[in-house]
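*Asks:* Structure of the sequence below:
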Amino acid sequence: MSKSRKATGRPALHAVKVNSAQGREESTEGGSASAGVVIRAVPPEPAAPAASPAVVPDPEVPARPTRRMYSAEFKQQVLKEVDACTELGAVGAILRRHGLYSSHLKTWRAQRERGELAGLAPKKRGRKPEPKNPLADEVARLERELRRMTARAERAEGLVDLQKKMAALLGEEIPSEEELFEAKRKGLPIPPWRKKR
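*Replies:* Below is the predicted model of the structure:
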């Protein structure tokens, strides 16, 4: 950077020598102005931005705002103080002392009219949990049992189909369901396969 430029904010003067034979400009920083020398104004360089100090968080201010929750007893105490006020501006002084708004008083009075302590108790925000169905466990147990019995019935039907195919290959006949039921009812042994007629 040349010595002629200063960080004053004003353009600095810079002498440039014009060579007429070649049409070039040559810089003559330290020399005196003579014939063929043109003085031009050079704009100043922009100042470097000042280094910003590190931002230090204020210990008095919390990092994230939190929702203020007031107990039922505190709400009752404030409402009693406000109800006892008779002087002009006393209610505002109470609100400023506790950091409250008049809308708090309006809401708390409505809650008090609905039910003393229950109405003033702070409500939990968010989605309310759904009550558990008392029959849900029984339904789940019955569904598991149904799946187990269905699988067992499918296996039994597969075995019966296999027996029918074996009987057809061997040329025998499987006893009918009525014969099987009758034998079971009477306590007799299962009737054997018989040859087809």
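*Asks:* use CA for all of it now, contacts and neighbours both
*Replies:* OK.
*Asks:* now the strands for the protein?
*Replies:* Per DSSP state E, the chain carries strands over the ranges 12-19, 24-27, 37-42, 172-173, 194-195.
*Asks:* Compare the mean pLDDT across those and name the weakest.
*Replies:* When the strands of the chain are compared by mean pLDDT, strand 24-27 comes last with a mean of 50.
*Asks:* helices and strands of the protein: which one bottoms out on pLDDT?
*Replies:* In the chain, no helix or strand scores lower on mean pLDDT, DSSP states H and E than strand 24-27, which sits at a mean of 50.
*Asks:* Nearest spatial neighbour of residue 164, chain-adjacent residues omitted?
*Replies:* Excluding the flanking residues, the one nearest residue 164 by C-alpha to C-alpha, 6 or more residues apart in numbering is residue 174, at 7.0 Å.
*Asks:* how many other residues sit next to the one you found?
*Replies:* Applying other C-alpha atoms under 10 Å, we find 19 residues neighbouring residue 174.
*Asks:* for it, what are its contacts?
*Replies:* 164, 167, 192, 193, 194 (C-alpha atoms under 8 Å, 6 or more residues apart in numbering).
*Asks:* what about it, distance to residue 153?
*Replies:* Using C-alpha to C-alpha, to the nearest Å, residue 174 is found at 19 Å from residue 153.
*Asks:* again with residue 109
*Replies:* With distances taken as C-alpha to C-alpha, residue 109 is found 67 Å from residue 153.
*Asks:* and if you look at residue 167?
*Replies:* 21 Å.
*Asks:* Please identify which of these two sits among more neighbours.
*Replies:* More crowded of residue 167 and residue 153, by other C-alpha under 10 Å: residue 167, with 17 against 12.
*Asks:* Thought residue 175 was touching the more buried one, still the case?
*Replies:* No. Taking C-alpha atoms under 8 Å as the definition, residue 167 is not a contact partner of residue 175, at 10.5 Å.
*Asks:* how about the helices of this structure, start to end?
*Replies:* Along the chain, the segments classed as helices by DSSP state H run 72-84, 90-98, 102-114, 116-120, 136-170, 177-186.
*Asks:* Go through the ones you listed and name the closest to residue 63.
*Replies:* helix 90-98 (21.8 Å; C-alpha to C-alpha).
*Asks:* What about residue 152, how many residues nearby?
*Replies:* 12.
*Asks:* Walk me through the domains of this structure.
*Replies:* Following automatic domain parsing, one finds the domains of the chain at 12-42, 72-120, 153-197.
*Asks:* Now tell me which of the ones you listed the model trusts least on average.
*Replies:* The minimum mean pLDDT among these belongs to domain 12-42 (a mean of 54).
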